[in-house]
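J.: Just a sequence and a predicted model for now, questions to come.
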Amino acid sequence: MNATSVGLCFPERMLEFDDWQVTGARIARMASSSAWYLGDWLIYGEAHYADRYRHAVETVGLNYQTLRNYAWVARRFPLSRRRDKLSFNHHMEVAKLSVDDQDWWLDRAVKQGWSVQELRRRLKQKHEGAEQNGRSQRVVPKINADEDRLERWHAAARQASTTFDYWVVASLDHAADRILDESQTDPHASTL
């Protein structure tokens with residue numbers, strides 16, 4: 001097989017099905033990698049050169065918004081947090097979420113072998129479920145906690161296979177239920 005800048009030339013003899021599949025997987029990895037490469041390249045250019053996007057559009061021939069998207073996703077995922085088993089597009093689907101939520105969803109996608117479409121469907125389901133519960137949501141003030149405690153809480157959330165935010169809310173609900181139940185049976189019960 002011969003690759004050119006405009007396509008692939010396949011041999012006259014028919015490829016084995018497994019070889020054809022392996023070739024497709026390699027092409028998909030290259031396409032995903034090129035988005036990461038361009039994003040990282042743009043971030044580097046941002047740090048070192050003026051008018052980087054104008055020059056980038058001229059250099060690579062992609063439109064401005066595409067390049068901005070690549071850089072935005074690359075910025076949201078340092079190399080150490082990128083999942084090599086998932087595509088750039090998987091990462092793009094969760095890029096707007098908190099770091100903890102990104103990690104939770106990407107870990108699930110790896111474990112379950114989700115396609116980008118499946119990940120998108122699950123995210124949409126989760127979002128619609130939050131909207132349909134009919135309750136308004138507010139941001140809770142920050143909690144000051146030492147690193148050991150935070151790591152313990154994050155470990156518990158991972159163990160429960162849920163996002164950190166969800167685990168915190170569920171834990172607070174559980175504590176509130178316990179205390180409220182105790183106060184109904186014994187009004188003099190200790191609150192904590």
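T.: Cool, the structure landed. Numbering: from 1, shown residues only.

J.: How is Ala50 assigned, secondary-structure-wise?
T.: coil (DSSP: H, G, I helix; E, B strand; the rest coil).

J.: OK, contacts around it?
T.: The neighbours of Ala50, taking C-beta atoms under 8 Å, 6 or more residues apart in numbering as the test, come to nothing; the list is empty. No exception for glycine: its C-beta is placed from N, CA and C like everyone else's.

J.: confidence score at it?
T.: pLDDT for Ala50: 81.

J.: Give the phi and psi angles for it, as a check.
T.: Main-chain dihedrals, Ala50, degrees, to the nearest 10: phi -80, psi 160.

J.: what about Leu119, neighbour count?
T.: Residues lying near Leu119 (other C-beta atoms under 10 Å) number 22.

J.: which SSE is it in?
T.: Element membership for Leu119 (DSSP states H and E) is helix 116-132.

J.: Please identify the buried residues of that helix?
T.: Of the residues in helix 116-132, those buried by neighbour count under the rule 16 or more other C-beta atoms under 10 Å are Val116, Leu119, Arg120, Arg122, Leu123.

J.: helices and strands of the protein: which one has the lowest mean pLDDT?
T.: Confidence across the helices and strands of the chain bottoms out at helix 164-185, with a mean of 77, counting by mean pLDDT, DSSP states H and E.

J.: Report the distance from it to the chain centre.
T.: The gap between the average C-alpha position of helix 164-185 and the chain average comes to 29 Å, counting by C-alpha atoms, centre = their mean, to the nearest Å.

J.: which parts of that helix are buried?
T.: For helix 164-185, burial by neighbour count (16+ other C-beta under 10 Å) applies to Phe164, Trp167, Val168.

J.: name the helices or strands packed onto that helix?
T.: Packing contacts for helix 164-185, counted by 3 or more C-beta pairs under 8 Å, 6 or more residues apart in numbering; DSSP states H and E, involve helix 99-112, helix 147-159.

J.: Lowest mean pLDDT across those helices, which one is that?
T.: helix 147-159 (a mean of 84).

J.: picking up where we left off before, not counting the helix holding Leu119 itself, show me its contacts.
T.: Identification of contacts with helix 116-132 by C-beta under 8 Å, 6+ apart yields Ser87, Asn89, His90, Glu93, Val94, Trp105, Arg108, Ala109, Gln112, Trp114, Gln137.

J.: List only those of those residues flagged as buried.
T.: By the neighbour-count criterion of 16+ other C-beta under 10 Å, the contacts of helix 116-132 include these buried positions: Ser87, Asn89, His90, Glu93, Val94, Trp105, Ala109, Trp114.

J.: got TSV for the residues you listed, with distance to Asp51 too?
T.: Formatted as TSV, the buried ones among the contacts of helix 116-132 follow (distance: C-beta to C-beta, whole Å):
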residue	distance to Asp51
Ser87	30
Asn89	28
His90	32
Glu93	31
Val94	31
Trp105	36
Ala109	37
Trp114	39
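
J.: and which of those is nearest Cys9?
T.: Set against Cys9, the nearest of those by C-beta to C-beta is Ser87 (25.6 Å).
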